[in-house]
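A structural model of the following input is requested.
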Amino acid sequence: MAQYNISIDSAWLGNLLTTAAKDSSMAKMVESVLNQILEHQAKEQVGADRYERSDTRQAYRNGMYPHVISTRIGSLVLRVPRLRDGKFSTELFSRYQRSEQALLLALMEMCVNGVSTRKVQNITEELCGTSFSKSMVSELTKRLEPIVTGWNGRPLSDTSYPFVFVDAMVLRAREGNVVRSKGMMIAMGVNREGYREVLGFMVGDTESEASWAEFFQWLKSRGLSGVDMMISDSHGGLVKAARKHFQGTAWQRCQTHYTRNVMEAAPHSVKVELHECVKSMLNAPDIQTARMMLKHILDTYGKKAPQAAKTLENGFEDVMTVMSVPAELRKRLRTTNALERLNEEVRRRERVIRIFLAQNRRLGCLGRY
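Reported below is the predicted structural model:
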């Protein structure tokens, strides 16, 4: 490993103790050190110092050119030597840029967490004394695509997921010059140890049975198996596709969506008391008690709220499927709330982007901006 003698201006060291001059002095000091290293490397490759006559000389200098590096302490202007034969080489840039990957990763992390490119530009200008254009931040986020592609297509055959939550959300995506609504389908699995894991997502034109069928086929092609129960809302296309592609798998209708459907069909005069009755029924300790409570609700509100009673009765069996699992597991399997929380994170990002850039069916929701 080469060793260099580096000189540092004593004024810069003194300014490091002064808050007002600390950042600028640090940048100047680092810039000076890097430029001295470049000068030493040029001397080694030339075989002689500046204006030195030497029998070991291997090349001649041809001036220098500036090279700007943006870092967390500011912009550094490096004076890169030129040789007449054009063979000067240094690993300094690649080494230094690797150490500054933290800055680039921070920019990408800000975008992932819902910070707009405009705000990222303002933040970097405030922290580093230099700004990154919106287009540059967008280019940086492209580096995430191979990571997301690999994660979204990873094999699922090594782990068993007895419980799978599925849901969809509508996003706006630009295709050419036209903005269209797209359905993003998401699946989350719960393994034998009880840990939740997002299994994957796909963007479709609609939430039709065909789109859900394609999504389920894709999950199975990656090795998804051993599904004992699927939890979702009562979207017709979803339920039909699930019953076709996961035959023998029990379906648990989301109790939150179910309760909402019942309340929407109920007259305003009985909504409060009916809601309490439905809530008690869903929290019954066993299926026999739940059936008794259902009969009581139907007898009480059958005439007062006929549509609500019909909705309640028609969905009872599907919404109480969870009673077939041990009591300690029911609370987390009653609803799709776990997946709704994930959807909220996507919505938070969507509020910044507003319109995604449609690409392929696996990455359309990631977008470029």
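
part of a strand, is Leu199?
Yes - counting by DSSP: H, G, I helix; E, B strand; the rest coil, Leu199 is located in a strand.

Could you find the closest non-adjacent residue to it?
Nearest non-adjacent residue to Leu199, counting by C-beta to C-beta, 6 or more residues apart in numbering: Ala187, 4.3 Å away. Any C-beta I mention is one placed from the backbone N, CA and C, and that applies to glycine too.

Next, the contact list for that neighbour, please.
Val164, Phe165, Val166, Val198, Leu199, Gly200, Phe201, Phe215, Leu219 (C-beta atoms under 8 Å, 6 or more residues apart in numbering).

Extract the C-alpha set from the strand or helix carrying the third one and format it as CSV.
Spelled out, that is Val166. Following DSSP states H and E, one finds Val166 within strand 163-175. The C-alpha trace of strand 163-175 is given here as CSV (Å, rounded to 0.1, in the frame of the first residue of the first chain):
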residue,chain,number,x,y,z
PHE,A,163,-52.7,-18.0,5.7
VAL,A,164,-52.6,-15.6,2.8
PHE,A,165,-54.2,-12.1,2.7
VAL,A,166,-55.0,-10.6,-0.7
ASP,A,167,-56.2,-7.2,-1.6
ALA,A,168,-56.1,-4.6,-4.4
MET,A,169,-56.0,-0.9,-4.7
VAL,A,170,-56.5,1.5,-7.6
LEU,A,171,-53.6,3.6,-8.8
ARG,A,172,-53.3,6.1,-11.6
ALA,A,173,-50.7,5.3,-14.2
ARG,A,174,-49.5,7.1,-17.3
GLU,A,175,-49.4,5.1,-20.5
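
same question for that strand, mean pLDDT?
In this model, strand 163-175 has a mean pLDDT of 87.

Could you list which residues are in contact with the residue lying closest to Ile69 once chain neighbours are set aside?
Closest residue to Ile69 apart from its sequence neighbours, by C-beta to C-beta, 6+ apart: Leu76 at 4.8 Å. Neighbour list for Leu76: Ala27, Val30, Glu31, Leu34, Val68, Ile69 [criterion: C-beta under 8 Å, 6+ apart].

and the gap between the residue nearest to Leu199 and Arg222?
Counting by C-beta to C-beta, to the nearest Å, the separation of Ala187 from Arg222 is 10 Å.

and what of Pro267?
47 Å.

With Gly194 instead?
Taken as C-beta to C-beta, the span from Gly194 to Arg222 is 22 Å.

likewise Glu197?
Glu197 is 13 Å from Arg222, where distance means C-beta to C-beta.

Between the two, which has more neighbouring residues?
Arg222 (15 against 12; other C-beta atoms under 10 Å).

Tell me both backbone torsions, phi and psi, for that one.
Backbone geometry at Arg222, expressed as degrees, to the nearest 10, gives phi -90, psi 0.

How about the secondary structure of the closest residue to it other than its chain neighbours?
With C-beta to C-beta, 6+ apart as the measure, Leu156 is the residue that lies nearest to Arg222, at 4.7 Å, once sequence neighbours are left out. Put simply, Leu156 is coil when judged by three-state DSSP.
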